[in-house]
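1. Fold the following for me, if possible:
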Amino acid sequence: MQSTVHGGTSGLRLDWNECATGPSPAAVARVVANAADLHRYPRGLLGEVTEAVARENGVEAESVLLTNGVDEAVDLALSLVDTAYFVSPGFDAYLDRALVLGRTARAIPLDEHWEPAVAPAELARGGALFLAQPHNPTGHLFRSEWVDAAVAGAEVAFLDTTYADFAAPDVRSALTDPYPLGTHPGLLLFRSFSKSHGLAGVRLGALIGTPELISRLRPRQRFHSVNSIALHALAGSLEDPAHRLRLCAQVLADRPRYVEALGSHPVFAEARDTHTNFVVARCRSGLSSADVVRRLGDRDVWVKDCGPLGLPGWLRISVGTHDDLDRLIHELSAIDSARTPPRTAPQRV
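-> Reported below is the predicted structural model:
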């Protein structure tokens, strides 16, 4: 992963699950080619890209609403309900946005196997259920039987498939089109273009639902909340499917290397594979995950402490390149050596 600048600090960024290989050259070329039109509102462009996303997902354009990232999508879903249900530990935006908007927030705890510990029948029928599948930060796939039942019982079911493109090929298709929209009028599928398209910087996503549900959300959206740069970038990326395939293939190929290297490193007690573009690793006994993050940050290497997300002791580490992994292991060894006092030779008596 190339060095970037964030908060005034350059370094190796393995904390926000950004793509390691960059956006499609076609996306960059289209943005550059249309830069002289930035004084114009994206009138026809919005419709053009909406139709392209609809074709990509096998639905009509009336079933697609482009959003300014997942946060706007969550806000729109919350505008329909008074209560939000979310998995804990889990992606913090669901809870944060619910609290900001004054909604009642209900947590669904995970058990020791990282599966929901509440039966679907115990969830109230009203409100919105927010599920990431695969889940963040564990990278785990919930049991399909639980997901099916929970979605069927929700007034609004927000199924976040941000990481679905990084699942194994035998399960990817089921994740990217898990439910016929017509079977549940309150189902909203969220598609992200931040990860598998390498477009995190433009903050663009899509809600997919029945035309009736999308028509309820469209008037609640701010005027042109999705800007021209984002739309041109996505249009170019959609014209280059080979880049997306290469990006996902790189993650699938390198993710096991990250798991093996981290799992065998003395800083960690274990590392787990996922269905995403990150892996998770548990710090060994006596090591604080927050302290490891801080010490790595002092060396310009950034990973995510899962403690604030409800998973204490664990780190979430984006899958980068081979060079990124080599540097990460080197810096982990350096901070581990700094913490371990040198052994003294035994005295002969």
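2. Help me confirm that Leu129 comes into contact with Ala150.
-> Yes: Leu129 lies in contact with Ala150 (CB atoms under 8 Å); the separation is 6.0 Å. No exception for glycine: its C-beta is placed from N, CA and C like everyone else's.
3. Give me the more crowded residue out of these two.
-> Leu129 (29 against 24; other CB atoms under 10 Å).
4. so what's the closest residue to that one other than its chain neighbours scoring on pLDDT?
-> Using CB to CB, 6 or more residues apart in numbering and skipping residues adjacent in sequence, the residue nearest Leu129 is Ala154, 3.9 Å away. Ala154 carries a pLDDT value of 93.
5. check contacts around Ala154.
-> Contact partners of Ala154, counting by CB atoms under 8 Å, 6 or more residues apart in numbering, are 85, 123, 125, 127-129, 186.
6. Just the buried ones among those, please.
-> Buried members of the contacts of Ala154, scored by 16 or more other CB atoms under 10 Å, are 85, 123, 127-129, 186.
7. State the distance from Ala261 to Asp305.
-> For Ala261, the distance to Asp305 equals 19 Å [CB to CB, to the nearest Å].
8. Can you give me the first-to-last residue distance of stretch 37-50?
-> 19 Å (CA to CA, to the nearest Å).
9. what sits up against it?
-> So stretch 37-50 is contacted by 61, 64-66, 224, 226-229, 231-232, 234-235, 238 (CB under 8 Å, 6+ apart).
10. Now do the helices in the stretch 151-300 of the chain.
-> 169-176, 211-217, 228-238, 241-263, 289-298 (DSSP state H, counting those that start in this stretch).
11. Just tell me which of those ends up closest to Arg143.
-> Closest to Arg143 of the helices of the stretch 151-300 of the chain, according to CB to CB: helix 169-176, at 12.6 Å.
12. Below-threshold pLDDT in the stretch 201-349 of the chain: ranges please.
-> Counting by pLDDT under 70, the stretch 201-349 of the chain shows low-confidence ranges at 339-349.
13. Now Ser192: closest residue in space, sequence neighbours ignored.
-> Excluding the flanking residues, the one nearest Ser192 by CB to CB, 6+ apart is Thr162, at 4.0 Å.
14. Spit out the contact partners of the one you found.
-> Thr162 neighbours (CB under 8 Å, 6+ apart): 70, 132, 136, 190, 192, 194-195.
15. Out of these, who's the most crowded?
-> Ala132 (27 neighbours).
16. Tell me who's in contact with the residue lying closest to that one once chain neighbours are set aside.
-> Excluding its sequence neighbours, the residue lying closest to Ala132 (CB to CB, 6+ apart) is Asp160, at 4.2 Å. Listed by CB under 8 Å, 6+ apart, the contact set of Asp160 reads 70, 91, 130-133, 190, 192.
17. all helices for the stretch 1-150 of the chain, in order.
-> 25-33, 43-57, 69-78, 92-100, 144-153.
18. would JSON lines of the ones you listed with distance to Leu110 be doable?
-> Listed next are the helices of the stretch 1-150 of the chain as JSON lines, based on distance: least, CB to CB, whole Å:
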{"stretch": "helix 25-33", "distance to Leu110": "36"}
{"stretch": "helix 43-57", "distance to Leu110": "29"}
{"stretch": "helix 69-78", "distance to Leu110": "20"}
{"stretch": "helix 92-100", "distance to Leu110": "14"}
{"stretch": "helix 144-153", "distance to Leu110": "11"}
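19. Nearest to Leu247, out of the ones you listed?
-> Closest among those, using CB to CB: helix 25-33, at 11.8 Å.
20. hang on, the earlier thing: dump the contacts of stretch 37-50 to CSV, plus distance to Asn277.
-> CSV is the format used below for the contacts of stretch 37-50 (distance: CB to CB, whole Å):
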residue, distance to Asn277
Ala61, 29
Val64, 24
Leu65, 25
Leu66, 22
His224, 30
Val226, 23
Asn227, 25
Ser228, 27
Ile229, 23
Leu231, 24
His232, 24
Leu234, 18
Ala235, 23
Leu238, 19
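21. List only buried entries from these.
-> For those, a burial check counting by 16+ other CB under 10 Å picks out 61, 64-66, 226-229, 231-232, 234-235, 238.
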